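Q: Prediction below, plus the sequence it came from.
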Amino acid sequence: MAEGLDQIADALDIETFVIAEDEAEAIKAIRQIMTGMGLKDIDVVYCRHLGPGARIRARGYIFRAGDRYGWLGEGK
Amino acid sequence: MGVAKKVLLAPMDPVHDIGLKMIRRGLEEAGHTTWLYPPGYSPQEIINGIIENQADTVLISRTLGYGVEEVLARFVDLLDAAGLRDRVKTAVGGMAIRPELAAELGFDGGFGPGTTVEEAVAFVEGRDYIPAGRAGGKQRYELVGDYSYEFKNTAIRSLLGRITAQILAWAGERTSPGIERAYLRRQMLACAKEGGNCASLKKDYARLCDGVIRGYYETGGLHPQTRKLEAGELSALRRYVEQTKAKMDPAALRHTRQKPGVFVQYGTGCPSLDVAHIKIAEAWGADGVVHFDPSWGARAEGFMEGYLTHQEDGSVITPENLSIIREALQDSTLWQVRAHRGLNTPETVLLAAHTGADLTKINIAYGSLGAGTDPERMTVDGVQAIRFAAEYGLPFDVVTNEELSGVPAHKAFAGMLIVADLAISLGARPILQPLFCNSPEVMINGYMADNYVDFNAAKILALRNIVSAPVWPGAPIGFLTQTEERVQSSMSTGLHAALAASLGVEAISIASSDEAYSGGPIAAASRTDTLQAVKEAFRFFGQATILPTPTASKWAQALEAGIEQVLYSVAEMGDFVQAVHNGLLGGREEGAYPGRVGRGTVRRV
Amino acid sequence: MKVIGIAGTAKNTGKTTAIAALINSITGVSGLCVTSIGYDGEAVDNVTGLPKPRLHLPEGALVVTADSCLPAGSAVITKLEITGLSTPLGRLVIGRVQRPGLVVLAGPNSEKALRTVIGFLKKYNVCLLLVDGALGRLAPMSAAAGLVIATGASRSTDTDKLLAEVKAFEFLLSLPVLPVQEPVLTVPSLLVDDNTGVFLPALAGANTVDFTGVVDIKPFLKITEALECRSALPLLLFRDPVRLLLCGDPEKMALKLRAYNQKGGLAGVRSPLKLLAVTVNPFYPRCDKAGKHYAAAIDREKLYETFSEGLGVPVVDVVRQGGERLAKILCIQPEQTDVN
C-alpha cells in the first residue's frame, strides 16, 4: 500500500472531466488511471457523458467494512 | 398520433414502478391503451398478459443485479418462442440499462436513467425521439427582451441627461491612440477582406502601439508568456471542434421558467483549452460564454496578431484567436467579448463585432476606478466603444465590479447608470449588471448578517424602480460567498442563481466551483459543477419564488436615494472625469483609485 | 450456407471465446460471416466488469451488426447493405471487413430477424454464418441449422448438475422429425397453468398434439397427465427443439418425454436443430464479500472428462484445445489447406 493510503478513512475518490467518445471510453480511461495508481477495489460512482466528454467520479476503496483499518495504528 | 397502441407495462422490479407509472400517464394522455401490472410478475405471466390483451408493446422496468439479466433474457426468449416477438415491440428500462445491454438482452429499446416520458412515448409510437433541445438545435437565448429604456425616476433621468450631455460634448473634442487604432483596424479588416496589400496600414497601426505590441509588429517578437500555436496544433484543434460539434446535444438548464440565461466565463490563456472548456460548458447547458483577456492586455496599446497561446490566466485578444473561438461555438451560444477597461476598448468592440460576438461589456466608471485605466482615456475611449456597439448592434452589459474593492453599491450604480444613459442616448442597448456579492460594503455594514437575499434583491428592486432595462447580475453571482470547497461553492452559486430566477432577471454570469481557488487555473470539471448546481436550483424552485424580508424594499429605497444623491453631485460638478478623480463614484477610502494606465494620451481634435 | 449458432447456458460460459477461437483457426475459409443475437464487443463485461474476449475478424469476412457499432471496433468495415431491421443500437447493416481487427456486434435479436438476415446473406456467397449467442438466450437460434452449446462453471460449479442439464439438451435436440397424424389438436403457446383447461377435453380425439408455440413445463405436465390415461398415446409434435429447451425446466421435459416414449408414445419435432458440439469452460466470475467480481475456476480435468464420457456429441475445452478441434468437429476446413 502506498504511503499515506492507510490514513484514508475508507476510500479515495478521483473526480475529473475525461474527454471521451462515450461513457464506456471514459470509464475505461478512469479505470486504467486508478489501476495504474495501484488501486484494486475500484468503482465508478458517477459518470455523465455529454458532448465532448464525461464528468466522472471514480473511487478506490482502501478499506471496507470488516477490514483491518490502517488508521487504527494496530501494531505500531 | 398515428394508430393507438396497446401497451403493457410490467415492473419486474419488486419495488420500483414509479417510472412506468409516469410513462403510463404519458401514454394515456397520448390516447394509447395501457395495462400496468403489479410488481413481481414472472416472464410467463407477462407474456400471457400480452397474449390475452393482444398488446403490441411491452415496457419492462427492472433494476439490474447479478442474475437479473438472465430473467430479462428469458422473457425475450419466451416472447420470441411464443411467436410474438415480431409483432410486440419490447423495451426495458431501469438504472444501469444501456442500449448495449438492451441489445444483449434482445430488447428493441433500452432506457436508462434520465429517460423522459416523451422519449418512451416516441418509442411506443415508433417515432424517432427528438429531445426538445435537439429539435432544430438548441435555441439561442433571447437576452435583451422588450425594454423601453424609459426612466421611471424622473429626477434621476434629468440628472443623467445633464451628465450625458456634458460627457458627449467633452469627448466630442477629444481622441486617443485607442480610437485611432480602432479606425485603422477597421480599414485593415476591410483591406484583408478585399485581399489588398495592407502593409502600410499595419505600419501605421504599429506606430500607435507601445512596448511589446509595437515590438511584435517591428521585429516579430512576442510577449514573453505567449507563443504561436503551431500548424499541427491548429489543425488538431479544428478537427477536435468538428468532431465535438457532431456530438453536441446541449443540456437544458432552465426548468419551467424562461429566464435567466446562464453565462460562464472562459480565459484559460490558450485558445485550445478555451475551446475545450467552452464545449464542456455548452454541453452542460451554458447559454453564453464570456471571453476573459489577460490583465496585461489592458495595459498595452494595441493588439498582436496570430494564434497565440498564453501561459497565464486570460486569453490574448487577437483577430485570429477570436475567430478560432468563434468557429468552435455552437450556433446557439451567445458570445461576449469584454471591452470594459484598458487601452483597446473601441478596437475590442470593433473586433468583437467583426468576429461575430453577440455582446460586449463596457463601463467607463469601473474601468477607471476598479480596473486601472486613466479616467480621461477611459471616458474618451468608452464613448467611442459605445458608438461602435450601437453601430454594430452589439448589446453590452455595464459591469459594477468596483463594488468588490469597497465602492458602495449606490456609487457603483450611479456610474453604471451614467454609462447606460450614454448608451441609450447613442442608440445602444445597455444591460445593467449589478453584482450579487458579499462586498466589503456589505460586510462592514452587516447587510448580509442574516441572509444573502435582501441586499441582492434590493439592488434589483432599486434598478427596476429607476429604469426599464434588462438586468444581468454578475459577474459572477455570489462573489465573495464561495470558498474553495466544491460543494459549498456550487451550492452558493446555485442558490444565487435561484434568487436571480426568482427576481426575474434576464441573465446571470456564474463562476466555476474553483471561483475562490487562487492557486492555479480553473479545471474543466469545476465548470460542470456549478452548471449542474444551477440546473438543480432551477429544478428545485420551478415557478416558486424566494421572498425577501421587508428590509429589502427599505434598502432598495435607500439605494435609489443614494444613487440620486451621487448623480446630483456629479451633475453639479459639470465634469465627469473630474468627478471620477474626486471620488464621487467611489473614493480612495472606498478602495477605488483612479487608474493611471493611458494617462496623458488623450488629445484634442 | 451453413448456419451455426453458439449458445450458452448462461453468461460467461465461453460462447464468445469459442467463436473467437473458431474464427482464428479458420482464417483461410472464404465466405465467413459473423453476427450476434445480442451484443458483443465490449472489452469489459457489461455486468461483471471482467475482461471479455473480443472478436477479431480477418479481411474479407462479413459482419451483420448495428450501424453505430461499425466504427466502434478496430476493424475497417465497408458497408454493403442496410437491412430494414433495427436494434437498440441502430439499423442492422451488412458489412465487409476491409482491414482486419476487432469488431463490435449487435445483430438480429429474434428468430425472424435472424431468418431475414440469412435471406439477405444469400447474395453474398456466404458459406458459413456463425451466430454468437447472448446470455442464455436461445430463441433466435431456431433459425440455425446446427448448434454448439457452451456451458461451464458460470452456469453451475457442480459438474454433475451441469452434465445432467446438457444431457437433457442433447436429448431434446435429437428428437426425430416426424410427420403429423390426423386428427391434430393444435396447442398454441401455453405459459401459465390456467390456460391448460380449455385444451384438455379436446385431447381425447387427437392423434397428434401439435405444439406450435412454447409450452411451459407446468401446463405441459398437466397435458401429459391427461393423456396418460389414454390407451393409444398421441404423437407429441413440437415446432423445434428450441421451444422445448425454453420450457423452463429442460431436464424435467427430457425426463417426461423419455417416459412418454417408453410408454409407447412418440415425441418429435417439425424442424430439427442439430447439436454439433458442447464446449466446456471451467472459469466463472465470483463475488467477494465486497461485491467485486473476480475469476475463479473449477476442476478442469474433471469437467472435461465427465462431459466427454457423459455425452454422445463431441466435447471441446476451447481454451486448452484451441479452435482447430472445434473447426474439425464442425467440418469447417480452410479451402487452401491440404488435409494430408
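A: Great, that's in hand.
Q: Any part of stretch B:536-555 near chain A?
A: No. Against chain A, stretch B:536-555 shows no contacts by C-beta under 8 Å from any C-beta of the partner chain, the least distance being 13.1 Å. The way it works is simple: take the backbone N, C-alpha and C, and place the C-beta from them, glycine included.
Q: Pull up the distance across that stretch, start to finish.
A: End-to-end span of stretch B:536-555 (C-alpha to C-alpha, to the nearest Å): 30 Å.
Q: So for it, mean pLDDT?
A: The pLDDT scores in stretch B:536-555 average 97.
Q: Pick out the residue of chain A closest to chain C.
A: A:Arg64 (4.9 Å; C-beta to the nearest C-beta).
Q: Need the pLDDT of that residue.
A: pLDDT recorded at A:Arg64 is 89.
Q: That one falls within a helix, correct?
A: No. Counting by DSSP: H, G, I helix; E, B strand; the rest coil, A:Arg64 falls outside a helix, being coil.
Q: Please report the distance of it from A:Ala11.
A: 9 Å (C-beta to C-beta, to the nearest Å).
Q: just B:Thr333 next, same as before
A: Where A:Ala11 is concerned, B:Thr333 sits at a distance of 38 Å (C-beta to C-beta).
Q: In terms of packing, which of those two has more residues around it?
A: B:Thr333 (23 against 16; other C-beta atoms under 10 Å in any protein chain shown).
Q: So which residues on the stretch 101-250 of chain B come close to chain C?
A: B:101-110.
Q: from those residues, which is closest to chain A?
A: Out of those, the member with the shortest distance to chain A (by C-beta to the nearest C-beta) is B:Leu101, at 11.3 Å.
Q: State the number of residues packed around the closest one.
A: 23.
Q: Who are the packing partners of the helix or strand hosting it?
A: Taking DSSP states H and E as the criterion, B:Leu101 maps to helix B:99-105. Here helix B:99-105 touches helix B:68-81, strand B:89-93, strand B:109-111, strand C:39-40, going by 3 or more C-beta pairs under 8 Å, 6 or more residues apart in numbering or on different chains; DSSP states H and E.
Q: and among those, the most buried is which?
A: With neighbours defined as mean count of other C-beta atoms under 10 Å in any protein chain shown, the helices and strands packed on helix B:99-105 peak in mean count at strand C:39-40, which reaches a mean of 30.
Q: Show me what that one is packed against.
A: By 3+ C-beta pairs under 8 Å, 6+ apart, strand C:39-40 packs against helix B:99-105, strand C:105-106.
Q: starting at the chain centroid, how far to that strand?
A: 15 Å (C-alpha atoms, centre = their mean, to the nearest Å).
Q: who does that strand pair up with?
A: Sheet partners assigned to strand C:39-40 using DSSP bridges are listed as strand C:105-106 (antiparallel).
Q: The residue in chain A that chain B sits nearest to: how many residues sit nearby?
A: Chain B sits closest to A:Gly51 of chain A, with a gap of 3.0 Å, by C-beta to the nearest C-beta. Neighbourhood size, A:Gly51 [other C-beta under 10 Å]: 21.
Q: okay, stretch B:519-529 in CSV with CA atoms only?
A: Taking C-alpha atoms only, stretch B:519-529 is exported to CSV below (Å, rounded to 0.1, in the frame of the first residue of the first chain):
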residue,chain,number,x,y,z
GLY,B,519,-3.6,28.7,-6.6
GLY,B,520,-4.0,27.9,-10.3
PRO,B,521,-6.2,27.7,-13.3
ILE,B,522,-9.8,26.6,-13.2
ALA,B,523,-10.2,22.9,-14.0
ALA,B,524,-12.8,21.7,-16.6
ALA,B,525,-14.6,19.6,-14.1
SER,B,526,-15.3,22.6,-11.9
ARG,B,527,-17.2,24.2,-14.8
THR,B,528,-19.7,21.4,-14.8
ASP,B,529,-20.2,21.6,-11.0
